[in-house]
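# Okay, structure incoming, though there's no sequence with it:
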């Protein structure tokens, strides 16, 4: 981002970092301001008209490139925030093989039953060919076939109503609008498939900030409201290492490391 004649180099770096994280304190730290004064400096910069105007201008340019407007972004964040994760991935307790069998006997699927019947007939033919006694007809199956989609039977003496746990990933081709917004991709690794979802808490924070729920919102006129909580400050501390790396980069590039706004 080029330095605007209305703001100095350090303020321009703050603008660039704020556009990445949307956190005034963190952006101030990344821009090289002291960790002790980052929260105060960040708030001041957001309320300094030239800096706020530069942020608003950069945001407008970004939305034009992406063909998005503020309402579109609010809709995306709202959808992610309110989406039910069950629309993408579920953990189910399915019935066991005995839950719904007649007298709680083992249930087969139709294919399993036919395979067992074939094996029985092959064994019977082998016994008869060897002169053995006939073992009789293959027993018929009574009751319904096994359907693991059924809920566990609370009276089952085998699983005691607990059933069998299974992680189920919905077909991403059939996701609802909310599910598609929440879904962030799939990662296949050594331990199996990992479903990635967009951060709902982060989306909620962005939505609240855009709607001014936290006491105000950043806008083109430079009005800003900053919600700083203990959790946010702990996050800033966790980012200390990243800030130090950024500070070293600034020093190597000969950028001003003073505390001026």
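On my side now, so go ahead. As the structure is a computational prediction, the values presented were derived from the model and not from experiment.
# burial measure for the closest residue to residue 194 other than its chain neighbours, as a count.
Distances taken as CB to CB, 6 or more residues apart in numbering place residue 187 nearest to residue 194, at 4.4 Å, with adjacent residues excluded. To be clear about C-beta, it is placed using only N, CA and C from the backbone, and glycine gets the same treatment. By the criterion of other CB atoms under 10 Å, residue 187 has 10 neighbours.
# now do residue 94
17.
# what's the answer for residue 97, then?
As a burial measure, residue 97 scores 19 neighbours (other CB under 10 Å).
# If I look at it, what pLDDT would I see?
On pLDDT, residue 97 comes in at 96.
# Contact partners for it?
Contact partners of residue 97, counting by CB atoms under 8 Å, 6 or more residues apart in numbering, are 106-107, 146, 158.
# quick one: which of these sit in strands?
Among the contacts of residue 97, no member is found in strands (DSSP state E).
# all helices for this protein, in order.
For the chain, the helices defined by DSSP state H cover 9-21, 24-30, 38-47, 49-66, 70-82, 110-129, 177-182, 200-211, 230-238, 240-252.
# Of these, which stretch is the most buried?
helix 24-30 (a mean of 26; mean count of other CB atoms under 10 Å).
# Against which helices or strands is that helix packed?
Helices and strands touching helix 24-30, by 3 or more CB pairs under 8 Å, 6 or more residues apart in numbering; DSSP states H and E, are helix 9-21, helix 38-47, helix 230-238, helix 240-252.
# least reliable of these going by mean pLDDT?
helix 230-238 (a mean of 40).
# hmm, back to that, and residue 102, which of the helices of the chain is closest to it?
Nearest to residue 102 among these is helix 110-129; the distance by CB to CB comes to 13.7 Å.
# Quick check: mean pLDDT of the closest one?
Mean per-residue pLDDT for helix 110-129: 93.
# Give me the contacts around that helix.
Helix 110-129 is contacted from outside by 108, 133-136, 138, 141, 145-146, using CB under 8 Å, 6+ apart.
# When you compare pLDDT across those residues, which one is lowest?
Lowest pLDDT among those: residue 141, 73.
# measure it to residue 108 for me?
Between residue 141 and residue 108 the distance is 7 Å, computed by CB to CB, to the nearest Å.
# do residue 198 as well
Going from residue 198 to residue 108 by CB to CB gives 42 Å.
# and if you look at residue 27?
As defined by CB to CB, residue 27 lies at a distance of 63 Å from residue 108.
# now swap in residue 165 and tell me
On the measure of CB to CB, residue 165 and residue 108 end up 21 Å apart.
# Of these two, which one has the most company?
Neighbour comparison, residue 165 and residue 108: the larger count goes to residue 108, with 16 against 9 (by other CB under 10 Å).
# Just list the residues touching the nearest residue to the more buried one once chain neighbours are set aside, thanks.
Counting by CB to CB, 6+ apart, residue 146 is the residue found nearest to residue 108 once chain neighbours are left out, at 5.9 Å. By CB under 8 Å, 6+ apart, residue 146 lies in contact with 97, 100-101, 107-109, 112.
# Give me the phi and psi angles of residue 146.
The phi and psi torsions at residue 146 (degrees, to the nearest 10) take the values phi -70, psi 130.
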